[in-house]
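> how would this look folded up:
(3 chains)
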Amino acid sequence: MARKNDGSAKRVMNKGAWTAEEDRKLAEYIEIHGAKRWKTVASIAGLNRCGKSCRLRWLNYLRPNIKRGNISDDEEDLIIRLHKLLGNRWSLIAGRLPGRTDNEIKNYWNSHLSKKMSQKEKKPQTSTAQDTTTKSATATATATKPSHKASDDCADTNFDVNEFFDFSAEGSYGLEWVNKFLELDENTTAKQEKVSSIV
DNA sequence: AACGAAGTCAACCGCTAATTT
DNA sequence: GAAATTAGCGGTTGACTTCGT
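Predicted structure coming up:
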């Protein structure tokens, strides 16, 4: 099925960190032609990079409205809650955090939150909603196997995440959705009971 | 000040899914 | 319908930075 090579001959591609000049060329090209056909982007923009690399650079760094660093407490809380529900589906989680990329969320989870989670687990406190959240998150993080299907292996329950949250609704980045979700999460137990009765 | 360990994060890799020819 | 191509995902790596001794 998929080809290993992106075909652009035997020429040696640049690897590693992007230079300011490369960034500029890529941004310029995309501004004019749009962000598609990455293989073409790489060659026409005069970048000695593979298409994949260009795409990643654009999505994670050059794209407009990217927020970098300073993940707020609210965002962190949301990541934890979403991870509890979705597992390692970073792109889905990132999709609910405007301006954040899947790579950033993944890195943040691996370097900050996973540690935090395991620490909390070691010294459990009163059984608040937050606490139950973090415990499940840890379990999920270790249990979740990679899967590209959003609906086939919901992290800690067996309900259909897409159906439940209606991810098809574009533009639902705002607080409204977040509030709705957080409200729902407060009632996790009730929700799971309901879901299991459906399944 | 020097050095090794640990932490962070950008980028790469391998794979699958979706789309096009 | 099959093959080729493109897009996108999550896991992993490695360079760089920060921290502790």
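> hang on, isn't A:Leu47 packed against A:Asp23?
No. A:Leu47 lies out of contact with A:Asp23 (Cβ atoms under 8 Å); the separation is 9.8 Å. In short, each C-beta sits where N, CA and C put it, glycine included.
> Between those two, which has more neighbouring residues?
More neighbours surround A:Leu47 than the other of A:Leu47 and A:Asp23, with 22 against 15 (other Cβ atoms under 10 Å).
> which stretch of helix or strand covers the more buried one?
For A:Leu47, there is no helix or strand it lies in under DSSP states H and E.
> dump the residue contacts of it.
By Cβ atoms under 8 Å, 6 or more residues apart in numbering, the contact set of A:Leu47 is A:14, A:22, A:25-26, A:41, A:54.
> between those residues, which is closest to A:Lys115?
Using Cβ to Cβ, A:Cys54 is the member of the contacts of A:Leu47 that lies nearest A:Lys115, at 32.7 Å.
> Distance check, that closest one against A:Glu31.
Per Cβ to Cβ, to the nearest Å, A:Cys54 is found 14 Å from A:Glu31.
> Spell out which parts of chain A neighbour DNA strand B.
By Cβ under 7 Å from any atom of the strand, the residues of chain A that approach DNA strand B are A:1-2, A:4, A:14-18, A:49-50, A:52-53, A:56-57, A:60-61, A:68-69, A:103-104, A:106-108, A:110-112, A:115, A:148-149.
> Domain-wise, how is chain A divided?
Domains of chain A are assigned by the TED database as A:20-62, A:73-118.
> any idea of the mean pLDDT for the shortest one?
Just to be clear, that refers to domain A:20-62. The average pLDDT within domain A:20-62 is 87.
> before we move on, back to that, which one of A:Cys54 and A:Glu31 has more residues nearby?
Between A:Cys54 and A:Glu31, counted using other Cβ under 10 Å, A:Cys54 has the larger neighbour count: 26 against 11.
> Extract the C-alpha set from whatever helix or strand that one lives in and format it as CSV.
Assigned by DSSP H and E, A:Cys54 belongs to helix A:51-57. Only the C-alpha atoms of helix A:51-57 are listed here, as CSV (Å, rounded to 0.1, in the frame of the first residue of the first chain):
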residue,chain,number,x,y,z
GLY,A,51,7.0,16.6,2.3
LYS,A,52,6.4,15.1,5.7
SER,A,53,9.0,17.3,7.2
CYS,A,54,7.4,20.4,5.7
ARG,A,55,4.0,19.5,6.8
LEU,A,56,5.1,18.9,10.4
ARG,A,57,7.0,22.1,10.5
